[in-house]
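S.K.: The amino acid sequence is not available; the structure is as follows:
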């Protein structure tokens, strides 16, 4: 799987590269500044890009901007955004094209290597991976989505965080079958007609985070 | 100006004329009190107190006039030296404070001429109004009917019923003239007052210095407290955790050969600890300079804030470019504080924030449709905002009638930062 990395801290950039190589990713380019990112994404068209929000020269949000710009040119280009902190607002901006294949994680999460790699794969496969902190902060503010039971909300939240059905089953101590039953309930309650399952998952997450 | 506004201004000016002319009558006794105090001040003990009281009376009178003038659109600020520290209150210091303040003597100089001019101009308005009312109420007619000798305006004396009736249009005309003339005369009178009662250029500077000293002290206090908080948070939080992470890893190193399972458990613990340390650092950073503010500027940061509020909040902003960083940060925290207060107290269903920049002033408003009745004097929230903005000469005003809506207006004079290259 081909990856482009954008991260300005050498230590983290090299660490990420090493880590991904250890898991058989092919790091085709690792850039350390904002202006170089967009051309790199457009040239390589990687299977997934891992992008720091804040990059030189201005250290504002150019990583995020470049990622969104690249997705405007290559719809659905998988992008996993990393940051030292998370803003629900940025999560929404990433989701607005409702094509999925986006993730937004705290850099802290890299320390749980396996889960991080899973999140990368999830995003590359067209799913979503949102940091639990984004999800929690968006949830804390309003009523849960209309009609969802607490258990269904739990399941949806795990989907937003980028877990597979098996992982969700393990977390909630239920069988995968029960998980898919919950998921079907969620789709019905959110008014989503049967279609490609992956796409519906993304749309459900979009509704969830945009509530 | 519409006709309604004109009439309203005229009426208020006429009312002021009554008030100010009446008050001018006080000037002579006030001057007498002050001169008595001045003459008697060498008398031990009693003299000082007397001068003190006399000065208070004069200043009360002058301040009353300043307030009236300010209300009428001729702003006059108070020029007095700040009083000496009460704890060091000595007779001499106190006397010196009164005597050396030029404003004391300017007040005194104003008392008589001020009274004369104000009364003269006031009487013109009073005469016009009074005579106009007499005409409108057809006083000449009643007098003519009751066989008294009388006249009005152009007809003097009144010869017949028709001439008496004609007092009505004449009276109306006079009243109209009074309405137009009163605001002009009021302005003239207050402008004359301003010559004496406004601070001199030197006094203006002194007031400015006093204000700056106060706000600088506030800003320094706030900054020192903030630094202490950060130091404590780092010391008790992230630093302590990193120490424990180091210890745990060291322990794992010793165990790794002998008891790999235990070492693995320790390493997992160390990782969890480092994650917590990162979370604490993140919270700390959010409190010092919110990342969204650094990345998106004021508008973006306020939007990011609004997204995580329980109340639906619309943000509109018209900023030509980024603000200077210190102002940006102060205004952001002020708005954050205002929004926090709003969601705590107002029980609002929706709220809005507007941010505008014009003529070198940033105006930010936070409003909601909640229960209102927010009291500026209670609670520390508003005071905190005031202190934050005070360091930049900013001001806060709140409008919150019971039943709502509540609108908090913040104004800060500031520059725009040139775009970073």
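M.R.: Arrived safely. Computed from a predicted model, the values in this text were never measured in an experiment.

S.K.: Which residues belonging to the lowest-mean-pLDDT helix or strand in chain A are considered buried?
M.R.: Every helix and strand in chain A was compared by mean pLDDT, DSSP states H and E; the lowest is helix A:197-210, with a mean of 74. Within helix A:197-210, the residues that count as buried by 16 or more other CB atoms under 10 Å in any protein chain shown are A:200, A:201, A:202, A:203, A:204, A:205, A:206, A:207, A:208, A:209. All C-beta atoms are positioned from the backbone trio N, CA, C, and that covers glycine.

S.K.: Give me the contacts around stretch B:40-55.
M.R.: Counting by CB atoms under 8 Å, 6 or more residues apart in numbering or on different chains, stretch B:40-55 makes contact with B:33, B:34, B:36, B:37, B:38, B:91, B:94, B:95, B:98, B:104, all of which sit outside it.

S.K.: By average pLDDT, which secondary structure element in chain B comes out worst?
M.R.: Least confident helix or strand, chain B: helix B:139-145 with a mean of 68, by mean pLDDT, DSSP H and E.

S.K.: Tell me which helix or strand comes right after that one.
M.R.: Per DSSP states H and E, the first helix or strand lying C-terminal to helix B:139-145 is helix B:161-165.

S.K.: what ranges do the strands span in chain B?
M.R.: Assigned by DSSP state E, the strands in chain B fall at B:312-318, B:350-358, B:361-368, B:395-399, B:406-413.

S.K.: and the first one, what other elements does it pack with?
M.R.: To tie it back to what came earlier, the one meant is strand B:312-318. Judged by 3 or more CB pairs under 8 Å, 6 or more residues apart in numbering or on different chains; DSSP states H and E, strand B:312-318 is in contact with helix B:291-307, strand B:350-358.

S.K.: What ranges in the stretch 301-421 of chain B fall below the confidence cut-off?
M.R.: For the stretch 301-421 of chain B, residues meeting the criterion pLDDT under 70 lie at B:376-380, B:418-421.

S.K.: ok, 80 please
M.R.: Within the stretch 301-421 of chain B, the segments meeting pLDDT under 80 span B:308, B:310, B:373-381, B:404, B:415-421.

S.K.: Could you check which residue of it lies nearest chain A?
M.R.: In the stretch 301-421 of chain B, no residue comes nearer to chain A than residue B:304, which is 4.2 Å away by CB to the nearest CB.

S.K.: how much space between that residue and residue B:234?
M.R.: 25 Å (CB to CB, to the nearest Å).

S.K.: quick one, which of the two is more surrounded?
M.R.: residue B:304 (21 against 14; other CB atoms under 10 Å in any protein chain shown).

S.K.: how about the more buried one, what does it touch?
M.R.: Shown in contact with residue B:304 (CB under 8 Å, 6+ apart): A:87, A:88, A:89, A:90, B:290, B:292, B:296.

S.K.: okay, those in CSV with pLDDT and distance to residue B:223 next?
M.R.: Converted to CSV, these look like this (pLDDT from 0 to 100; distance: CB to CB, whole Å):
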residue, pLDDT, distance to residue B:223
A:87, 86, 26
A:88, 83, 30
A:89, 85, 29
A:90, 88, 30
B:290, 87, 17
B:292, 87, 22
B:296, 88, 25
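
S.K.: Out of these, who's the most crowded?
M.R.: In terms of neighbours by other CB under 10 Å, the contacts of residue B:304 top out with residue A:87 at 28 neighbours.

S.K.: returning to what we had before: please report the distance of the residue of the stretch 301-421 of chain B closest to chain A from residue B:414.
M.R.: Residue B:304 sits at a distance of 22 Å from residue B:414 (criterion: CB to CB).

S.K.: re the thing from before, can you tell me which of the buried residues of helix A:197-210 lies closest to chain B?
M.R.: residue A:209 (10.3 Å).

S.K.: isn't the closest one right next to residue A:138, touching?
M.R.: Yes. Here residue A:209 lies in contact with residue A:138, judged by CB atoms under 8 Å, at a distance of 5.7 Å.

S.K.: how about the strands in chain A?
M.R.: Applying DSSP E to chain A gives strands spanning A:2-6, A:26-31, A:48-52, A:79-83, A:102-106, A:128-130.

S.K.: Helices of the chain, start to end?
M.R.: Chain wasn't specified; assuming chain A. For chain A, the helices defined by DSSP state H cover A:10-22, A:34-44, A:62-73, A:88-95, A:113-124, A:132-141, A:150-160, A:165-172, A:176-189, A:197-210.

S.K.: Switch to chain B, please.
M.R.: Taking DSSP H as the criterion, chain B contains helices spanning B:3-40, B:46-71, B:91-99, B:102-136, B:139-145, B:161-165, B:167-197, B:201-234, B:240-258, B:260-288, B:291-307, B:325-345, B:381-390.
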